[in-house]
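Engineer: Below are the sequence and a predicted model; questions follow.
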Amino acid sequence: MVVLHVKSTIPSPSPSPEEEETEETEFLHECAATAAVADVAGALAGTARLQARVLSLCRRLREWCADAPAAYGELERALSEAEAYASKVQVQHNKFLSPRALREHIKNIEKAAATALEESSEALCLQHPKSDEKHDTIQLWWAGKELAMDNQLSDYIGTNDKTKIVIRLSLPNEA
């Protein structure tokens, strides 16, 4: 399996478009060398979106809970676990991010926030649409070249399954 060290500067999701921030994120992804670039791009975009969402939720809820930190023990624990899992430090420890685990952390945060703040996750504006149109047109860059979506990954890196490369995710207007 090829290891992709993914670097991304994709805007983090936020409830309103004028508050959109850009975050530098990193994570590891594993795929076959013969995988289609379009399939890899879809998987990477989904993981990057989930990672950005976890980090954004943590940041917003920490701001809301700054006044009375002692009252939010379970929420603080859920936020700390999620931040640790989604952080760049995982790359240094060669740990891969799982979209399933990221979704589970999001559910745990929403549940803990609803309990601690005595509000529904909809009232707290924690819910985001399932699909994000910004990630439908994602571009993958490696060695200064954009990877064409109709090619296979092996067209660029060869067939060696022990390869590790650094891939940059970007939106078309960031190229």
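Structural biologist: Now that the structure is in, tell me what you want to look at. Residues are numbered from 1 along each chain as shown.
Engineer: remind me, longest helix of the protein?
Structural biologist: Identified as the longest helix of the chain according to DSSP state H is helix 37-64.
Engineer: Can you tell me what sits against whichever helix or strand comes after that one?
Structural biologist: On the C-terminal side of helix 37-64, the nearest following helix or strand under DSSP states H and E is helix 73-86. Under the criterion Cβ atoms under 8 Å, 6 or more residues apart in numbering, residues 25, 51, 54-55, 57-58, 61-62, 65, 69, 97, 101-102, 105-106, 108-109, 111-113, 115-117 lie in contact with helix 73-86. Glycine gets a C-beta too; all of them are placed from N, C-alpha and C.
Engineer: just stretch 141-160 next, same as before
Structural biologist: Stretch 141-160 is contacted by residues 2, 31-38, 40-41, 139-140, 163, 165-170, 175 when judged by Cβ under 8 Å, 6+ apart.
Engineer: Out of those, list just those in strands.
Structural biologist: Among the contacts of stretch 141-160, the members falling in strands are 2, 31, 139, 140, 165, 166, 167, 168, 169, 170 (criterion: DSSP state E).
Engineer: Mean pLDDT per element in this structure, and the minimum belongs to which helix or strand?
Structural biologist: One helix or strand of the chain scores below all others by mean pLDDT, DSSP states H and E: strand 11-12, with a mean of 54.
Engineer: Give me the buried positions along stretch 149-169.
Structural biologist: Under the neighbour-count criterion of 16 or more other Cβ atoms under 10 Å, stretch 149-169 has 149, 152, 153, 154, 156, 157, 167, 168, 169 buried.
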